[in-house]
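**Student:** Give me coordinates for this.
(chains A and B, ligands or ions: 2)
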Amino acid sequence: MPEEYVQVEHLVKRYGDVVAVDDLSFSVHPGEIFGFLGPNGAGKSTTINVLVGLTKWNSGQIRVAGHDLAHEAKAVKAQIGLVPQEIALYRNLPAKRNVEYFASLYGLHGKALKEAVAEALAFVGLSEQADRRVSKLSGGMQRRLNIACGIAHHPKLIVMDEPTVGVDPQSREHILAGVKTLRERGATVIYTSHYMPEVQEICDRIAIVDHGKLIGCGSERELLALVTDQKRIRVEFAPAGEEASAELVKRVQLLPDIRTAALDREQPSLLNIDAQVDLADYSSILSVFIELGLPIKQITSEAPDLETTFLALTGRELRS
Amino acid sequence: MWSLLKHVTRRLLADRGAMFFITLFPVLMVLILGTSLSGLDRAEAPVGTISALYQVSASDPASATAARQFAVAAQKQGLADLHDVKTLPPAAAADPRAQVADGSYAALVDFQGQGRIALYEGTDGTANQTLEAIMHAYVNSYGAVSEVIAADPGSAQSIVSKADQGSANDAGGGLVQTTLAGHSRSTMDYYAITMLVMMLFMGGAIGGANGLYASRRNGTLRRALASPRSRLGIYGGYLLQVLVMNLVSLIVIMLFSLIFGAHYAATVLDNILLFVSFLAAGMAVGAIFIVVGLFIRVNPMAVVMAPIWVLLFLSGTMTQFIAIPGVTPYLPPAAIQNAAFRLTIFGEAGPSLVVLVVSLVILVVAALVGALIFKRKQVA
Ligand SMILES: Nc1ncnc2c1ncn2[C@@H]1O[C@H](COP(=O)(O)OP(=O)(O)O)[C@@H](O)[C@H]1O
Ligand SMILES: [Mg+2]
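**Tutor:** Ligands and ions are numbered 1, 2, ... in the order given. Purely as a prediction, here's the structure:
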């Protein structure tokens, strides 16, 4: 297996004047869940569609499992299981006939096909509904069946485009747990979402895209480090005289790993400290308070999350 | 291939709307039209004045009297507005058939006695259809037997050859007489054919356009295109879908109309030709509408149905009394349907063979064009 399972280099895709994907590069390691995060219209689906061989692209290079998509599309497609953003099913057919047909497109037949269908339905918890028409299934069940149709043929790379959109919390948990199970079975997963918490919950690495551009890529930690290397600590203490407070600020500022310290403008008994992100213990800060005889009432610290990271990187909220 | 066929068939059978549309709907139409209209051949379209010769060649006095009362009876039944009925002394008339052949008269109605009425047709399609309708109705009301004799020189040859089998005899003057393939014809025969033509156009159009439209819309085409299957193979699936749909509807309608007493062609071979030419025509329509389905962005039911109905209406498929001179004969449904009538009534294979060959050519061309577009275009 190559080092990188998926490699996208300088991908550009234009729709007329709209640059849907703008010089995008990223790579996916084998066996990881790779999150593809961005707001609506960021170019996630477009990237996915190019990657799975559905859409032609303007420039750039894409390799999957060592195959060049431009020249060996068939070999690339054989590796992939697609879970499209829209529910793509034959509504008149029973659940199992859907899975059966789509798995058969990948060359499965006979007994192997039957087993794969049963396994996929069991995997998404729809064994009991195997013979029910899709139109008779609930929205959440259809979402799960949509996934079953994309994974029954045991693809090495599973590409999921917003698989939890419009799903009830229970089905969502079911789906997220399922994605993790797929990784445990050795599959590589590309998981697209505009919903930060689920990406944080299941993904090993995350690419953040906006307006077709890559904003950042890496583990959650690496991404946080992109925007800031500091965290804020707030210490609330019993009201003290001006002199003592000024002395407190001066001393805390001199501590190692502390960038700035200042009293809150509205609440003089609150000290705001910006520290290096890797300042792990607060004992040096606490000792200053003790030395000055200032009783501490409350201490809180705020590490930046991906949501604020996104805001910092793109200048806009992730969810609009 | 086999699994695709199974899948396509399953999908068709599971689609209750389509199943109703291609089986129950035409069967209901056959039932309703065939039974309610059979004694009721009443033209609704103005056809203008038709000059026909009316001859009583019956020699027995009873038949002669009955025939002379035809005009009165037809008028009373409201079958036709007959006027200017003149009786010419037999010697005064030139050979009446020659006058039809040279176009002086639209047709000759010959009362031959014992309930036999021969209709010698000219080349005016509207007049022929009208007179056939009047005669059908008259025959149905009075239990007579009618025969249609065409003046079309092209058809003479094959009918003459049938004379050897004793079912026809040469009447001379470019006019050939034949029995109606040995059957007394009913309106059911007419509607069985037109229903097949109707289905082949509507089924082909909807099957072709909707198959593609639906799979583009519901995203299943995207799944197929993301699989390692070749684009051509996926495209072929749509043709297969049309084939299955055509087969199902042809077989159902033919069997059902047979149960209800319709007659098709006299020989097995002719019936096979009829079936195959219809199937080819349906496939050609389907292949064309698959191409249409590649482009339309709205539900084909909305945009495809209306023009097809208009086409069928103008072609006289909905009712046999619509015939627009200079237009109707050139419309594909009319051409196919007339070819089928010539085959089933006169045993003439020529027109149906032409339909078969032309359909196959159109099918191949449309399929190739579709394949090319499907391969190049961003279809989903
Ligand atoms: N088929 C298309 N034709 C024209 N523009 C498109 C098409 N598909 C996507 N776009 C545009 O490309 C951009 C990216 O869309 P998309 O990839 O669907 O974003 P996401 O999946 O992240 O929500 C959007 O501006 C969208 O309007
Ligand atoms: Mg999307």
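
**Student:** Lowest-scoring secondary structure element of the chain by mean pLDDT?
**Tutor:** By default, I'm working from chain A. helix A:306-314 (a mean of 74; mean pLDDT, DSSP states H and E).

**Student:** was after chain B, sorry
**Tutor:** helix B:153-163 (a mean of 30).

**Student:** Around ligand 2, which positions in chain A sit nearby?
**Tutor:** Applying C-beta under 5 Å from the ion, one finds that chain A approaches ligand 2 through A:Lys44, A:Ser45, A:Gln85. C-beta here means a position set from N, CA and C on the backbone, and glycine is covered the same way.

**Student:** try 8 Å
**Tutor:** Neighbours of ligand 2 within chain A, by C-beta under 8 Å from the ion: A:Asn40, A:Lys44, A:Ser45, A:Thr46, A:Ile48, A:Gln85, A:Asp161, A:Glu162, A:Thr192, A:His194.

**Student:** Which members of these are positioned in strands?
**Tutor:** Among the residues of chain A next to ligand 2, the residues falling in strands (DSSP state E) are A:Asp161, A:Thr192.

**Student:** Grab the nearest non-local neighbour of the residue in chain A that chain B sits nearest to.
**Tutor:** Nearest residue of chain A to chain B: A:Ala88, at 2.9 Å (C-beta to the nearest C-beta). Nearest-residue entry for A:Ala88: B:Gly219, 2.9 Å, with adjacent residues in sequence omitted and distances by C-beta to C-beta, 6 or more residues apart in numbering or on different chains.

**Student:** same question, B:Thr23
**Tutor:** Using C-beta to C-beta, 6+ apart, the closest residue to B:Thr23 is B:Val252 (4.5 Å).

**Student:** Please tell me I have it right and that neighbour contacts B:Val27.
**Tutor:** Yes. Using C-beta atoms under 8 Å, B:Val252 is in contact with B:Val27, at 7.0 Å.

**Student:** Neighbour count for these two, which is higher?
**Tutor:** B:Val27 (20 against 17; other C-beta atoms under 10 Å in any protein chain shown).

**Student:** tally of neighbours for the residue nearest to the more buried one when sequence neighbours are not counted?
**Tutor:** Take B:Val27 and drop its neighbours on the chain: the residue closest to it by C-beta to C-beta, 6+ apart is B:Phe256, 4.9 Å away. Residues lying near B:Phe256 (other C-beta under 10 Å) number 18.

**Student:** What about A:Pro163, how many residues nearby?
**Tutor:** 25.

**Student:** any idea how far A:Met141 is from it?
**Tutor:** 13 Å (C-beta to C-beta, to the nearest Å).

**Student:** and chain A, what are its domains?
**Tutor:** A:6-225, A:229-303 (automatic domain parsing).

**Student:** Go through the ones you listed and pick out the most buried.
**Tutor:** Ranked by average neighbour count under the criterion mean count of other C-beta atoms under 10 Å in any protein chain shown, those are headed by domain A:6-225 at a mean of 19.

**Student:** if we can go back for a sec, buried ones in whichever strand or helix holds the residue nearest to B:Val27, by neighbour count?
**Tutor:** Remark: B:Phe256 resides in helix B:231-259, with elements defined by DSSP states H and E. Residues of helix B:231-259 classed as buried: B:234-250, B:252-254, B:256-257 (neighbour count, 16 or more other C-beta atoms under 10 Å in any protein chain shown).

**Student:** Give the full set of residues in contact with A:Pro94.
**Tutor:** A:Ala130, A:Asp131, A:Arg132, A:Arg133, A:Val134 (C-beta atoms under 8 Å, 6 or more residues apart in numbering or on different chains).

**Student:** Please apply the same query to A:Val19.
**Tutor:** A:Val12, A:Lys13, A:Gly212.

**Student:** What of A:Asp264?
**Tutor:** A:Arg234, A:Leu270, A:Leu271, A:Asn272.

**Student:** about what we covered before: please verify my assumption that the residue nearest to B:Val27 contacts B:Phe25.
**Tutor:** No. If you go by C-beta under 8 Å, B:Phe256 and B:Phe25 don't touch, sitting 11.6 Å apart.

**Student:** if we can go back for a sec, just put the domains of chain A in TSV and tack on mean pLDDT.
**Tutor:** Formatted as TSV, the domains of chain A follow (pLDDT from 0 to 100):
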stretch	mean pLDDT
domain A:6-225	93
domain A:229-303	87
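
**Student:** Out of the ones you listed, flag the one nearest B:Phe374.
**Tutor:** Closest to B:Phe374 of the domains of chain A is domain A:6-225 (C-beta to C-beta; 13.8 Å).

**Student:** First-to-last residue distance for the closest one?
**Tutor:** 24 Å (C-alpha to C-alpha, to the nearest Å).

**Student:** Which residue ranges of the stretch 201-320 of chain A form strands?
**Tutor:** A:205-210, A:213-218, A:230-237, A:258-263, A:270-276, A:296-302 (DSSP state E, counting those that start in this stretch).

**Student:** again, but for chain B
**Tutor:** B:52-56, B:107-113, B:116-121, B:145-149, B:168-170, B:176-178.

**Student:** most centrally placed residue in the chain?
**Tutor:** The chain I'm using is chain A. Geometric centre of chain A, nearest residue: A:Val199, 2.9 Å, by C-alpha atoms, centre = their mean.

**Student:** not quite, I wanted chain B
**Tutor:** Central residue of chain B (C-alpha atoms, centre = their mean): B:Gln337, at 2.6 Å.

**Student:** Pairing partners for A:Ile299 in the sheet, please.
**Tutor:** Beta bridges link A:Ile299 to A:Val235 when assigned by DSSP bridges.

**Student:** hmm, back to that, right, and out of the residues of chain A next to ligand 2, which lies closest to A:Glu32?
**Tutor:** A:Thr192 (14.6 Å).

**Student:** A:Ser45 is in contact with the closest one, correct?
**Tutor:** Yes. A:Thr192 lies in contact with A:Ser45 (C-beta under 8 Å); the separation is 7.2 Å.

**Student:** which residues do these two both contact?
**Tutor:** Shared contacts of A:Thr192 and A:Ser45, counting by C-beta under 8 Å, 6+ apart, come down to A:Gln85, A:Asp161, A:Glu162.

**Student:** Spatially, and excluding backbone neighbours, which residue is closest to the second one.
**Tutor:** In this structure, A:Asp161 finds its nearest non-sequential neighbour in A:Gln85, 3.9 Å apart by C-beta to C-beta, 6+ apart.
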